[in-house]
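> Fold the following and give me the result.
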Amino acid sequence: MLSNSSTTPDYRRPPHGTLVARLGETRRFIQAVTGPRQVGKTTLVRQALADLTIPSVYASADDPGLRDRAWLDAQWGAARAVAAGAGGTAILAIDEIQKVGSWAEIVKRLWDEDTASGGSVRVVLLGSAPLLVQRGLTESLAGRFETIRLTHWSFGEMESAFGWDLETFLVHGGYPGAASLVDDPERWRAYLLDSLVETTLARDVLLLHRIDKPAVLRQLFRLGCDYSGQVVSYQKLVGQLQDAGNTTTLAHYLRILGDSGLITGLEKYSGGRIRQRGSSPKLLALDSGLMTAMTGSTRLQLRGRPEEWGRVVETAVGAHLVNSAPADTTITWWRDRDREVDFVIESPRGLLAMEVGSGRRKPSLPGLAAFSRAYPNARVLLAGAQGMPLADLLRVPAHELVAATAG
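Numbers count the residues shown, from 1 in each chain. Next up, the predicted model:
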């Protein structure tokens with residue numbers, strides 16, 4: 001059950017130490033903190049600034065009236081002035097940097113000016129549209145930045161910060177801002193859909209991407225939650241979405257929704273071969289709370305519906321794997337005829353096939369057996385019923401699961 005939940009717990013996420021250490025170093029790289037809304041980027045940076053003795057300037061570009069070159073120049077100038085009065089060193093943190101037009105080119109000019117003059121303004125950039133931020137970093141700021149990527153909170157974090165048990169996490173996911181509302185299901189659901197989902201779609205997707213069919217994108221998000229944990233062909237999606245256009249459009253929208261931390265479509269594992277474009281995706285909400293909020297099912301209702309509960313469990317596991325996987329690790333699914341594996345983790349540490357159980361005993365595991373025959377070097381793992389306890393699995397990042405099963 002719950003302990004004393006708060007929307008602003010005195011809790012430091014693991015990347016906090018990394019950011020403090022980097023900002024405490026001699027000026028070297030721009031620090032880019034990216035991730036979807038409501039995962040604690042602003043809190044992380046404010047905590048880091050408070051824990052350091054270096055003077056700082058914090059500003060947010062979230063106000064539409066402030067998105068211009070002059071505003072960013074002014075913030076940088078303010079940080080330079082603070083640094084000049086404090087022995088030459090200060091930190092500048094700019095939140096929602098992607099809202100400033102041509103931000104990457106401006107930051108490049110100002111950063112290079114400081115480099116040439118020997119200035120010591122240390123810079124942190126925060127963005128809730130990871131793809132747009134990454135594009136600006138790689139296109140204009142190559143060699144000048146390091147990235148700290150934040151994702152949805154894990155079970156271990158919600159457990160430590162709020163005292164949550166496993167079932168509470170499975171139903172409500174990893175959104176700390178909504179933690180104090182879970183005893184009021186309707187209020188919790190309204191908060192997630194209005195303050196998180198709608199804000200993400202309206203401000204981070206529709207305003208920052210070219211979306212020719214916004215109604216289709218919203219419908220796709222709903223379907224992604226409805227079918228989370230299931231493989232659905234693009235042709236079937238086109239058939240269920242009004243005025244959907246073609247499969248290329250849907251694949252593009254699915255990538256944007258994935259970049260925004262809402263839903264994604266996992267590709268089918270192909271054994272290292274080039275994957276077929278347009279192959280059926282496995283739809284996956286990137287937080288199980290999104291799935292339950294969209295369906296409107298309460299915890300009591302879910303526990304009385306084994307099939308739906310099983311998809312919630314599979315969604316939580318899949319979301320954990322995707323959110324915790326580093327850049328060199330991919331999460332896919334696999335099927336050969338009627339034999340299927342829920343998730344395949346491929347990393348430099350090895351290959352791991354995983355089946356997720358939600359309580360029903362399985363007399364056999366034909367999917368894992370078939371995968372082992374096809375890929376003899378792969379390891380296999382059963383999660384949940386009869387296998388690794390879900391609570392333990394949800395505390396271990398995807399790449400560490402691969403390493404842990406090596407023995």
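> show me where the stretch 151-300 of the chain has strands.
Taking DSSP state E, counting those that start in this stretch as the criterion, the stretch 151-300 of the chain carries its strands at 263-266, 282-285.
> what phi and what psi does the backbone show at I148?
Torsion angles at I148 (phi, psi; degrees, to the nearest 10) stand at phi -120, psi 110.
> Beta-bridge partners for it, please?
V33 (DSSP bridges).
> Pretty sure it sits against V20.
No - using CB atoms under 8 Å, I148 is not in contact with V20, being 11.0 Å away. For glycine as for every other residue, the C-beta is placed from the backbone atoms N, C-alpha and C.
> Give me the more crowded residue out of these two.
Set I148 next to V20 and count neighbours by other CB atoms under 10 Å: I148 wins out with 20 against 17.
> Quick one: residues contacting the more buried one.
15, 18-19, 31-34 (CB atoms under 8 Å, 6 or more residues apart in numbering).
> I'd like to know how far the residue lying farthest from the centre of the chain sits from V57.
In the chain, the residue that sits farthest from the middle, by CA atoms, centre = their mean, is G85; the gap is 38.9 Å. For G85, the distance to V57 equals 12 Å [CB to CB, to the nearest Å].
> Would you mind measuring from the residue farthest from the centre of the chain to R203?
G85 sits 36 Å away from R203, going by CB to CB.
> Just the pLDDT for the residue farthest from the centre of the chain.
Reported pLDDT at G85 in the predicted model: 90.
> are any of the contacts of I148 buried, and which?
Burial by neighbour count, judged by 16 or more other CB atoms under 10 Å, picks out 15, 19, 31-34 from those.
> Out of these, which comes closest to Q235?
Q235 lies nearest to T34 out of the buried ones among the contacts of I148, by CB to CB, at 33.5 Å.
> May I have the phi/psi pair for the nearest residue to L390 once chain neighbours are set aside?
Among residues not flanking L390 along the chain, G384 sits closest, at 5.1 Å (CB to CB, 6 or more residues apart in numbering). Phi and psi for G384, reported as degrees, to the nearest 10, are phi 90, psi -130.
> next one: the one 3 residues further on
The phi and psi torsions at G387 (degrees, to the nearest 10) take the values phi -130, psi -150.
> Number of residues surrounding the nearest residue to it once chain neighbours are set aside?
Ranked by CB to CB, 6+ apart and with sequence neighbours excluded, the top spatial neighbour of G387 is G357, at 6.3 Å. Residues within reach of G357, counting by other CB under 10 Å, total 20.
> G357 contacts P389, doesn't it?
No - at 10.8 Å, G357 does not count as touching P389 under the criterion of CB under 8 Å.
> Where does pLDDT dip in the stretch 201-350 of the chain?
Counting by pLDDT under 70, the stretch 201-350 of the chain shows low-confidence ranges at 272-278.
> err, the stretch 1-150 of the chain, not the other one
For the stretch 1-150 of the chain, the stretches with pLDDT under 70 are 1-9, 63-67, 129-132.
> what ranges do the strands span in it?
For the stretch 1-150 of the chain, the strands defined by DSSP E, counting those that start in this stretch occupy 30-34, 56-60, 89-95, 120-127, 145-149.
> With R255 as the reference, measure out to the residue nearest to L290 when sequence neighbours are not counted.
Distances taken as CB to CB, 6+ apart put C225 closest to L290, at 5.8 Å, once the chain neighbours are dropped. Using CB to CB, one gets 17 Å for the distance from C225 to R255.
> With neighbour numbers in mind, choose between the two.
C225 (22 against 13).
> ok, the more buried one to S154 distance?
20 Å.
> Highest mean neighbour count out of the strands of the stretch 151-300 of the chain?
Ranked by mean neighbour count, these are led by strand 282-285 with a mean of 27 (mean count of other CB atoms under 10 Å).
> List the buried residues in stretch 185-193.
Buried residues in stretch 185-193, counted by 16+ other CB under 10 Å: 185, 188-189, 191-192.
> swap in stretch 225-241?
225-229, 231-232, 234, 237, 241.
> other SSEs contacting the helix or strand where L368 lies?
For L368, the host element (DSSP states H and E) is helix 366-374. Helices and strands touching helix 366-374, by 3 or more CB pairs under 8 Å, 6 or more residues apart in numbering; DSSP states H and E, are strand 330-336, strand 339-347, strand 350-357, strand 379-384.
> repeat that for 6 Å
strand 339-347, strand 350-357 (3 or more CB pairs under 6 Å, 6 or more residues apart in numbering; DSSP states H and E).
> got the CA positions of the longest one in PDB?
Right, the one you point to is strand 339-347. Provided in PDB are the C-alpha atoms of strand 339-347 (Å, rounded to 0.1, in the frame of the first residue of the first chain):
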ATOM      1  CA  ARG A 339       5.200 -19.300 -31.400                       C
ATOM      2  CA  GLU A 340       5.900 -15.900 -29.900                       C
ATOM      3  CA  VAL A 341       8.300 -14.300 -27.400                       C
ATOM      4  CA  ASP A 342       7.100 -11.200 -25.600                       C
ATOM      5  CA  PHE A 343      10.400  -9.300 -25.600                       C
ATOM      6  CA  VAL A 344      13.900  -9.800 -27.000                       C
ATOM      7  CA  ILE A 345      16.800  -7.700 -25.500                       C
ATOM      8  CA  GLU A 346      19.800  -7.400 -27.700                       C
ATOM      9  CA  SER A 347      23.000  -5.700 -26.400                       C
END
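> relative to strand 379-384, how tilted is it?
If you take axes from the mean of the first three to the mean of the last three CA atoms, to 10 degrees, strand 339-347 sits at 110 degrees to strand 379-384.
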